[in-house]
Structure formats: structure tokens, C-alpha cells
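Novice: Sharing a sequence plus its predicted fold:
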Amino acid sequence: MIPQPPAATPELAEAALNCVALSRARKLAEWIGASRQLTSSGVLKPALAMEACSALGIELPPGRLRTALDVDELMRDWEVACSAGYIIPAGSRVHATGRLADATPQNVLRDWLRAASTELGLPAEPCPGCLTILHELNEADGPLGLAHLAEALRSAEPAEDGDAPCLDCGEVHDLPGLAALVGYDEDDDVDDSLGHTESAVVGLVSYGAAMALADVPADPGGSGEAWVRLTELGRMLAESIFVGCAPSADADVAMLLEVLSVVPSKIAERMAAPWLATRSPAAAVGELLAYAESAEPAQRMVAMAFAMGIGQEAAPAWREWADRPGFGAYARLWLTEQGEEVAEYPGDQAWLAVEALTAASAAIPAEFTSLVLGAALENADAGEAAEALSLMRASGHPDAARFVESVTAASGIRLPAGRAARPVGIQQAMGWEDGHLHMFSTPRRDYGSPDPELGHADEREVTVAEVLARPGATMLYLYDFGDGWEHDIVLEKVLPPDSVVGVSCLAGQGACPPEDCGGAWGYASLKEALADPKHEEHEDLLDWLGFDSAADFDPAQFSHDEVNAGLSQLL
């Protein structure tokens, strides 16, 4: 978001030039002039910093000045001068620009707006708290007290409710479960809303965007707190952001969410008004759902949060998506909350759990993900956590395998070997439950779930005929990067299209090994232990597999009917 002044008048320009922040920045730029020398850190050398402080009337800290970075007041003036475009540091020198001599109202206000919006974190990292305070002051009919602004800031923070898994039962209850899983303790959160409010107000006042009024007398009915109101400059700042930066009516969903995702919900509602005004509620939700289905979880959750707040008039769009597996969980959740009866999908709770957790873990640097997840589950009941993770693994969410694999690798939790919901696709033919990552390796390249870290090409965008072009061509299918189950796939013959009536298994031998049994060597050890009642792991493995006796496990078992029943879903 890059704000532009909506109107330029001589009166507003004069107020901008005379505000404390801009007048000090101009004074610093005038002192810098044609050129001044910088350190390797990109700031004035200590001797020059002392001269600048003298010119600006800044009191130096006691002792020898080691670096300009030690003088907060000077560095603030420096940052304002840079953001206003009055000075340009380049390499080992800094020089003032011609903007100092351009006093036309439009250009003065453009420079002021650039600097003032930087105070709010724009354009790169908008500060939700500062934007909330500006919005509250702009919406108010009169001055507001600091306590009121601090409460508005607290209210703008994300509510601690939503969809996250309970490690006791694997179902979705509320956000504290998610917070605990990613290592966040709400008791550690320090309520600094008043301090944030005071800092934001001081910043607005320094730019002449707000005016602090005298304290209310501390009489029996008064609070003794300071009150604040916006000036005309402040209202121009608010309009340039909340109106000028709002997505256009014809913006696509990606552009819309790019803006709305970085501002508090109350502000997002206002900025989305032009976009919503040109669409029916159902059409708006339809666009959001179509975008969200293929988006990353973090962007998808932003889209869904926005869509869910549009209103009951959008119900027809939600109903269109309610019979779809996986992503349709959002539609079923919304319709259920509206009191409508929808078909039950048992895996919805776990699917939404994976969705929330993968979105949350995306905010954690990749190198710390395993550490955070491992620490979060360190004291969790292993059996209950394993059951919850099993439900997530079987949910069908495209990120389930990756997430569960990360958690089990970090925590050492061993999942129960009971059968999950049968997958549809290559995993069905192999007998695996699709609970882990997989890859198809060809001479051309490797294919799998698209992921920049793994470097696999998207397996959904290539056909078998493209990678196995003629009889004798081969590829390697790898399932579960930890256990490392390798399968050689060979194209033996190509049949005429008219002769193919379906996908079927012609022959097979042996049962598919249990998930997470440790690969080929682990499976061999498992069979050995189950065959020997006196083996030290015999009873533990029976319990892990969910069997009453070793007779319930037959490694030679193979059923054509069971495999072909699953493969019949592929066409």
C-alpha cells in the first residue's frame, strides 16, 4: 500500500512543512547539503554526528560518542529525512536532494505522506495497531482518550477462538490447542496495548496528524487521562490509506487479499466495500472459494475468514461447494453454523486441524519448525497425540503427510498401525495409506507434491504416458522418505485405447507392510518378532498393530478384490 495525497491545498502543505517531524528532517537535510561522509554502517561518522546534533539542538549522551546509532533523536530525524526523500545515503556518502527546494503543495504533501505512512509501517509491513488507532480517531466525532484507543487496539487483535485440533481427541475445538502445539503460551503475552497506543499517538502528533489535548481534570468524575483528536492532516492521512489504498472494484481476489490480509478486520471491511459493492454476496463468495481451493493454507484461511463474514445472502455459493471432499469442509462448517443440515464428512475436523496447523507453522522459520513442534509435544501424552496425528494423516488434506511427518520426526511419536481411510490414486495400487510423502523419479526429473524445498515437479501436471513413453521405460516410486520404500515401475505394453475399460490389478503377492515399521529392515524384524511369542517386542508390536494375536497378521495375504475395488475409483 503506497498512499497518495487525495487533495493538496496551500493550508495543508504549510501545516505539513511546520510539523515537528518534517521541519527537523528538512533542517538535517539542509545541514547535510551536497555531501557528507558515512561509516560502513551507513550512518554519519561520529564527528559529523556531533556536528549534526549541534545544528539540530540535540543533547549528546555523556561520554565519547562511538556511533551515530547511539543518538536516538538524531536517528529518528535521519529516518524521517530518508523516508521523505530529502536525503539519499549511497555507499560512503549521503547528499540532500532537490525536494528541499520544491515547495509546491502537491509535492510537499507527497513527501509528508511518504514519511508519515512510514511511521505506520507502510508500505512493506503495515502495523495493525497503529492503523487501528488512526482508524478509531478518524471515525470518532470528537477526541478520544488513550484508554479508549488502547481498548480498541486490544479488540483488533485476533480472537482466541477458531479451528484447531485437540490432542486428546483429535477434533477441532479452539485456538489455544493450536497455540500450544506451535509453542506459544498465552500467559507469556504482555499487554502492552497502552504503551503501543502512546507511541503511536506521539508519532501522529510529531507529524501534525493528531493533537493531544489537555488532561481531563482529575475530579471525582474524571479519569485524568490525555485525549487526542485528528487534525486535517491526520484526516488526509486516513483517507489516503483507507480509501486511496482500497482494492479497486475490478481487482482479482489475490490483489484483494494482499491488501486485506495485512490490516485489522474492521479496516478490512471498510477497504473491501468498493469490491463488494459490484458483486452479489454469492458471487463474491464464489470468487473467494474458487481462489482459495488452490491457494496455500495461510492465504486460503484469509480468504475463508473474509468469505465467512459476508453474510447469509451468500448461502447459495457455499451450498455449491458443500458436497466436495477436503476443501468442502469450509462450506460444511459455514452452513452448519447457519443452522442448515449438511451431509456429514467424518474427516472434516481433522482436515481443518491440518489446515490451521500448517498455516500457523508457516510463520515459523523452516529451520526451527522441528524444534518448536518437538518442544510443544514434549510433555504430551504419546498415545493421545499419536491418535490425533493419525486422524490428521487420514484426513486427505494435501499437506497432512508433510505436517504429520514433521511432527513425528521432531517428537519421536510413533503412530498406530491401524488402517486409515483408503486413498485414491497410486497409493491405492501400492497398498499404502498416503500418510507420508512420495516421489516418482524418472530420467527426466522427479515428480511429487509441488514444494520449493523438495524441488519436485508437480505430479498433477504430467501423465504416465509422458514419463513412460515406450515399452521398457522405467521409473522409481519412493514412498515415505524416512522408511524409504522403493518400487520399480516398468511399462511392459501399451494397449489400444478402445481395449482399456478400467484400471485393474492382474497379479500380486504379499501384504503391504504396516506404515512406519522402519522400511525393509524394520519389516523383516517385525515379522521375526511376531513369529516368536518369546521375542521381547512381541507383545508391544501386537499392541501397536492393534492385533489380539500374531495369527491376525498374515504377511502373505493379498486380495485382488480389495485392490481392484479401490482402483475402480480411478476412472
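Specialist: Sure thing, it's come through.
Novice: going forward, measure contacts between C-alpha atoms and count neighbours the same way
Specialist: Fine.
Novice: gap between Ala49 and Glu258?
Specialist: The span separating Ala49 from Glu258 equals 40 Å under the rule C-alpha to C-alpha, to the nearest Å.
Novice: give the contact list for Gln312.
Specialist: Gln338 (C-alpha atoms under 8 Å, 6 or more residues apart in numbering).
Novice: that's a strand at Leu28, yeah?
Specialist: No - secondary structure assignment places Leu28 outside any strand; it is helix (DSSP: H, G, I helix; E, B strand; the rest coil).
Novice: That one and Ala81 touch, don't they?
Specialist: Yes - here Leu28 lies in contact with Ala81, judged by C-alpha atoms under 8 Å, at a distance of 7.4 Å.
Novice: In terms of neighbours, single out the busier of the two.
Specialist: Each of Leu28 and Ala81 has its neighbours counted (other C-alpha atoms under 10 Å); Ala81 has more, 26 against 23.
Novice: That one and His95 touch, don't they?
Specialist: No - between Ala81 and His95 there is no contact, the gap being 11.0 Å when judged by C-alpha under 8 Å.
Novice: what sits in contact with each of the two?
Specialist: When C-alpha under 8 Å, 6+ apart defines a contact, the residues bordering Ala81 and His95 alike are Ala29, Ile87.
Novice: Would you list the phi and psi of Asp323?
Specialist: Asp323 has phi and psi values of phi -100, psi 10 when expressed as degrees, to the nearest 10.
Novice: Not counting sequence-adjacent ones, nearest residue to it?
Specialist: Ala343 (7.6 Å; C-alpha to C-alpha, 6 or more residues apart in numbering).
Novice: Any chance of the backbone angles for that neighbour?
Specialist: When quoted as degrees, to the nearest 10, the phi and psi of Ala343 stand at phi -60, psi 140.
Novice: Contact partners for Ser549?
Specialist: Contacts were defined as C-alpha under 8 Å, 6+ apart; by that measure Ser549 touches Leu542.
Novice: Test for you: state the pLDDT assigned to it.
Specialist: Model confidence at Ser549, expressed as pLDDT, equals 85.
Novice: sorry, back to before: who's more crowded, Ala49 and Glu258?
Specialist: Taking Ala49 and Glu258 together and counting by other C-alpha under 10 Å, Ala49 has the greater number of neighbours (22 against 14).
Novice: Next secondary structure after the strand or helix carrying that one?
Specialist: Here Ala49, judged by DSSP states H and E, is contained in helix 46-56. Towards the C-terminus, the helix or strand next in line after helix 46-56, according to DSSP H and E, is helix 72-84.
Novice: Tell me which residues of that following helix come out buried.
Specialist: Neighbour-count burial for helix 72-84 flags Leu74, Met75, Asp77, Trp78, Glu79, Val80, Ala81, Cys82, Ser83, Ala84 (criterion: 16 or more other C-alpha atoms under 10 Å).
Novice: any chance of those residues in a markdown table, with distance to Ile310 and pLDDT too?
Specialist: Output for the buried residues of helix 72-84, formatted as a markdown table (distance: C-alpha to C-alpha, whole Å; pLDDT from 0 to 100):
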| residue | distance to Ile310 | pLDDT |
| --- | --- | --- |
| Leu74 | 47 | 96 |
| Met75 | 45 | 96 |
| Asp77 | 44 | 97 |
| Trp78 | 44 | 97 |
| Glu79 | 40 | 96 |
| Val80 | 40 | 97 |
| Ala81 | 42 | 97 |
| Cys82 | 41 | 96 |
| Ser83 | 37 | 95 |
| Ala84 | 39 | 95 |
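Novice: biggest separation within those residues, which pair?
Specialist: Spanning the widest gap among the buried residues of helix 72-84 are Leu74 and Ala84, at 15.4 Å by C-alpha to C-alpha.
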